[in-house]
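Colleague: Everything below, folded, please.
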Amino acid sequence: MTTDAPSTRTGTTSSASADPLATLRAAIDRVPGYLDAATCGLPPRTTADAMRAGIDAWQAGRIDMAAYDDAVDRSRAAYARIVGVDTSSVAIGAQASSLVGLVAASVPDGAEVVVVDGDFASVVFPFLVHADRGVTVRQVPLEELAASVGPSTAVVAFSLVQSRDGRVADADAVVAAARAVGALTVCDATQAVGWFPVDAGRFDVTVGAAYKWLAGPRGAAFLTVADTARERLRPLSAGWYAGEEIWRSIYGPEMTLAGDARRFDVSPAWLVWLGTAPAVEAFATVDPHDVRAYDVALADAFRGGVGLGPGGSAIVSLPDDDAGTLRAALSAAGCRVAGRGGGVRLAFHVWNDTDDVARALTAVQPHLPG
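Modeller: Numbering: from 1, shown residues only. The predicted model follows:
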């Protein structure tokens, strides 16, 4: 992996038509200093246009149910391509927490769940709320996750990339440890998919929200379920959209759910999916290894400027004081970043370039020790 920071600016390259990554970068309006993909991505112009058109049609009384369904189908298919599974393995939802909650509700009474200490709440809280059923949630350091899986473990739930600081889990080790004891693997790919290559088929269940690194609107999320895990989950949100034939499932009492992962679908928020489809499709055109190389090169260039070695992640976290001095300095320099877990978090993605690295370094270097 290269650590040379790329310098091509969004929308200025003449080779976009021949380079999928350049084409993707050119499709998103540049916002100088926006280093916050880990909180919320910047939408492609096609996403913003689709949502505006959808609002206009709604306001004019021209809602188009076929167009809404088509947007969901396109989103599902594009996401499946990105994470390397068949479309039949992908269900749609709204937030990661509700999809993890589907799994948590299916955990047997008295089961043990192993999670990462300090992981994002949407991965942990859905299991903690089942304490009254005797479900035990054991929180361990990320580096000890695989080693902490034992014969009593029923589920291992973790983020592939940590929200707080961008650390990447050793998925190979976790999957191997879980398989050795028959534990279910639940992977939150929200902070990974879009910049980090994700093979969802290696896990029993994955969830991923589309509004961060996939640059879609908030309110669209995906669930992938392996065939071997499908019967272990109850479709708690079953409604008309989970039916085998959607438009023949809008009234009861008979129920025939889809035979594949669509049985876990949550009825879509229409306008959200109009914007999600073009965003996810845009990212489905690029090799995620190329995106990772681009993003990590920028992040590592910043790390080098603050005296850190390569991190292998698109997310960089620096400790900040109680007053938030670093974050305030970055904000004053025109950088959009986040404060997380007592530090300041910078996230580098396809719309960023070396100018953003330089802007951030100029802001933080006067405040670094030594």
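Colleague: Report the separation between residue 65 and residue 273.
Modeller: Distance of residue 65 to residue 273, computed by C-beta to C-beta, to the nearest Å: 12 Å. To be clear about C-beta, it is placed using only N, CA and C from the backbone, and glycine gets the same treatment.
Colleague: Same check on residue 36?
Modeller: From residue 36 over to residue 273 (counting by C-beta to C-beta), the distance is 24 Å.
Colleague: Could you check which of these two is surrounded by more residues?
Modeller: residue 273 (29 against 19; other C-beta atoms under 10 Å).
Colleague: On the pLDDT front, check the more buried one for me.
Modeller: We have a pLDDT of 98 for residue 273.
Colleague: show me the contacts for it.
Modeller: Each residue near residue 273 by C-beta atoms under 8 Å, 6 or more residues apart in numbering is listed here: 68, 71-72, 75, 92, 220.
Colleague: With adjacent residues omitted, what lies nearest to it?
Modeller: residue 71 (4.3 Å; C-beta to C-beta, 6 or more residues apart in numbering).
Colleague: So residue 263 is in contact with residue 234, correct?
Modeller: No. With contacts defined as C-beta atoms under 8 Å, residue 263 does not count as touching residue 234, sitting 9.8 Å away.
Colleague: Looking only at neighbour counts, state which of these two leads.
Modeller: residue 263 (20 against 13).
Colleague: nearest spatial neighbour of the more buried one, skipping sequence neighbours?
Modeller: residue 257 (4.1 Å).
Colleague: who's in contact with the one you found?
Modeller: Contacts of residue 257 by C-beta under 8 Å, 6+ apart are 235, 238, 242-244, 263.
Colleague: Need the residues you listed in a markdown table (columns: distance to residue 136, pLDDT and secondary structure).
Modeller: Listed next are the contacts of residue 257 as a markdown table, based on distance: C-beta to C-beta, whole Å; pLDDT from 0 to 100; DSSP: H, G, I helix; E, B strand; the rest coil:
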| residue | distance to residue 136 | pLDDT | secondary structure |
| --- | --- | --- | --- |
| 235 | 25 | 95 | coil |
| 238 | 28 | 92 | coil |
| 242 | 31 | 95 | helix |
| 243 | 36 | 96 | strand |
| 244 | 37 | 95 | coil |
| 263 | 29 | 97 | helix |
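Colleague: from those residues, which single one is nearest residue 157?
Modeller: residue 235 (19.3 Å; C-beta to C-beta).
Colleague: What about the closest one, how many residues nearby?
Modeller: Around residue 235 there are 19 residues (other C-beta under 10 Å).
Colleague: Numbering from 26 from now on, please.
Modeller: Yes, from this point I'll number from 26; that puts the last item at residue 260.
Colleague: What residues does it make contact with?
Modeller: 127, 267, 282, 288-289.
Colleague: gap between it and residue 285?
Modeller: Counting by C-beta to C-beta, the gap from residue 260 to residue 285 is 11 Å.
Colleague: tell me the secondary structure for residue 182?
Modeller: Following DSSP: H, G, I helix; E, B strand; the rest coil, the label given to residue 182 is strand.
Colleague: any chance you could map the helices in the stretch 26-175 of the chain?
Modeller: 45-51, 70-84, 90-108, 121-129, 146-153 (DSSP state H, counting those that start in this stretch).
Colleague: now for those, which one comes closest to residue 255?
Modeller: Going by C-beta to C-beta, the one of those nearest residue 255 is helix 121-129, 11.6 Å.
Colleague: mean confidence score for that closest one?
Modeller: Mean predicted lDDT for helix 121-129 stands at 96.
Colleague: ok but residue 389 is inside a helix, no?
Modeller: Yes. Residue 389 forms part of a helix when assessed by three-state DSSP.
Colleague: so what's the residue nearest to residue 288 scoring on pLDDT?
Modeller: 96.
Colleague: Show me what it is bridged to.
Modeller: residue 268 (DSSP bridges).
Colleague: ok, now how distant is residue 374 from residue 64?
Modeller: Residue 374 is 11 Å from residue 64, by C-beta to C-beta.
Colleague: The residue nearest to residue 298 against residue 299, yeah?
Modeller: Yes. Assessed by C-beta under 8 Å, residue 96 is found in contact with residue 299 at 4.9 Å.
Colleague: Compare neighbour counts for these two and give me the winner.
Modeller: residue 299 (29 against 24).
Colleague: Excluding chain neighbours, what is closest to that one?
Modeller: residue 79 is the one closest to residue 299 (C-beta to C-beta, 6+ apart), at 4.3 Å.
Colleague: Distance-wise, check the residue lying closest to residue 63 once chain neighbours are set aside relative to residue 127.
Modeller: Nearest in space to residue 63, with sequence neighbours left out and distances taken as C-beta to C-beta, 6+ apart, is residue 372 at 3.7 Å. Separation of residue 372 from residue 127 (C-beta to C-beta) stands at 28 Å.
Colleague: So which of the two has more stuff around it?
Modeller: A side-by-side neighbour count of residue 372 and residue 127, using other C-beta under 10 Å, places residue 372 first with 30 against 24.
Colleague: what sits against the more buried one?
Modeller: 60-64, 191, 339-341, 362-363.
Colleague: Mind doing that once more with 6 Å?
Modeller: Taking C-beta atoms under 6 Å, 6 or more residues apart in numbering, we find residue 372 in contact with 60-63, 340.
Colleague: Quick check: phi and psi on it?
Modeller: phi -130, psi 120 (degrees, to the nearest 10).
Colleague: Name whatever forms a beta bridge with it.
Modeller: Residues in beta-bridge contact with residue 372 (DSSP bridges): residue 61, residue 340.
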